[in-house]
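Chemist: here is my input, please return the structure:
(one chain, ligands or ions: 2)
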Amino acid sequence: MSQSSGNGAVVLVGCGRLGSAILEGWLATETVAPAELIIVTPSQKPAAEAARALGARVNPHGAALAEARAVVLAVKPANWREALRPLLPHLAQSAVLISVMAGVRAGEIAEASTRSVARVMPTTGVAQGRGVAALWSADVEARETARALFARMADVVDLEREAQMDAATAVAGSAPAFIHAFVQALARAGETQGLSSEAAERLARGALRSAGAGAETGEPLEALIARIASPGGTTQAGLEAMAAAGDLDRAAEAAVEAAVRRAQAISG
Ligand SMILES: NC(=O)C1=CN([C@@H]2O[C@H](COP(=O)(O)OP(=O)(O)OC[C@H]3O[C@@H](n4cnc5c(N)ncnc54)[C@H](OP(=O)(O)O)[C@@H]3O)[C@@H](O)[C@H]2O)C=CC1
Ligand SMILES: O=C(O)[C@@H]1CCC=N1
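Modeler: Ligands and ions are numbered 1, 2, ... in the order given. So this is what the prediction gives:
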């Protein structure tokens, strides 16, 4: 894989949980060469320092931003205006703004920046080059700039309408946490059935890894389930009990609905 050819810098604004994951993913997948990377962060972060050691620039003088072709906004939804304001005077008119923030509408960012905007909703799995990312933009060039920055580290899923981004935030950005919570519940149920807490957690984590490996084959989920569930066996008994309890669908619906409502509230 060759690194992107220096046709302009990429600026990462915010190097917290997701920003660090994006940075690690870019470097691991050679999406962005360190010399093309500019990181804006109010405090020192291990991922930014690791990138600096490879040649990335951290908090350079504003003039350096003039060479930016893309700016990825990875700050909290409440902070983006104050984070963007000092950068704007230095950015070329052609710089594309890419928001990975939940809830913030592209139109608000476009209005404040007078630049083209794309929205991406990734998972932190981008750090390992194994994320998923929903993508939307009204602007073809902005969409393709964003796609190029995420395609090596995520399965990029195009959305037809920006309004779908809130559901995608629930089913992608937030969902790994929902799944971890289910795995935690599985481990607790294993303890109830006599496993030590250490054995229960290792087994449940291993089950998550196995499920992830199955998901990565691209086989339909029904086929993945059927491969594990021997007729009349333990899995079938467990699946039937889950269906009878009815809790799994309700829990998933409740989690997705609540996350969508929260994204809508953030957008105002
Ligand atoms: N975490 C996740 O899995 C996902 C998060 N998102 C979205 O990503 C965004 C960031 O979330 P997350 O990483 O979890 O949050 P974090 O709080 O971990 O990171 C936000 C970062 O923004 C930095 N920051 C604050 N003000 C500025 C500024 N003026 N200039 C530059 N950086 C600034 C903070 O720096 P400091 O630490 O120094 O205060 C902090 O490190 C959110 O909008 C969220 O909706 C989307 C998908 C998944
Ligand atoms: O919890 C949040 O608000 C962010 C957005 C998706 C994942 N984390």
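Chemist: what helices or strands is the helix or strand Arg261 falls within leaning on?
Modeler: Per DSSP states H and E: Arg261 is located in helix 247-267. The contact analysis (3 or more Cβ pairs under 8 Å, 6 or more residues apart in numbering; DSSP states H and E) places helix 247-267 against helix 165-168. Just so you know, the C-beta spots here come from the backbone N, C-alpha and C atoms, and that holds for glycine as well.
Chemist: so what touches the helix it packs on?
Modeler: 102-103, 119, 121, 134, 136, 157, 159, 256, 259-260, 263-264, 267 (Cβ atoms under 8 Å, 6 or more residues apart in numbering).
Chemist: sorry, back to before: so the helix holding Arg261, near ligand 2 or not?
Modeler: No: under the criterion of Cβ under 6 Å from any ligand atom, ligand 2 is not reached by helix 247-267; the shortest gap measures 7.0 Å.
Chemist: and for whichever residue of the chain sits closest to ligand 2, the neighbour number?
Modeler: Nearest residue of the chain to ligand 2 (Cβ to the nearest ligand atom) works out as Gly173 at 3.0 Å. As a burial measure, Gly173 scores 25 neighbours (other Cβ atoms under 10 Å).
Chemist: excluding chain neighbours, what is closest to it?
Modeler: Using Cβ to Cβ, 6 or more residues apart in numbering and skipping the chain neighbours, the partner closest in space to Gly173 is Met121 (4.8 Å).
Chemist: I'd say that neighbour and Phe150 touch.
Modeler: No: contact criterion Cβ atoms under 8 Å: Met121 and Phe150 do not qualify, at 10.1 Å.
Chemist: packing partners of whichever strand or helix holds Ala51?
Modeler: In this structure, Ala51 sits in helix 46-54 according to DSSP H and E. Helix 46-54 is packed against helix 17-28, strand 37-40, strand 57-58, with contacts defined by 3+ Cβ pairs under 8 Å, 6+ apart.
Chemist: parallel or antiparallel, list what pairs with the last one.
Modeler: If I follow you right, that is strand 57-58. Paired with strand 57-58 in the same sheet, following DSSP bridges, are strand 37-40 (parallel).
Chemist: Arg69 touches Val96, doesn't it?
Modeler: Yes: counting by Cβ under 8 Å, Arg69 touches Val96, with 6.9 Å between them.
Chemist: pull up the overlap in contacts between these two.
Modeler: Thr145.
Chemist: okay, the two: which has more neighbours?
Modeler: For Arg69 versus Val96, neighbours defined as other Cβ under 10 Å are more numerous around Val96 (26 against 19).
Chemist: how much space separates that one from ligand 1?
Modeler: Distance, Val96 to ligand 1, using Cβ to the nearest ligand atom, to the nearest Å: 18 Å.
Chemist: how near is that residue to Glu144?
Modeler: From Val96 across to Glu144, the span is 9 Å (Cβ to Cβ, to the nearest Å).
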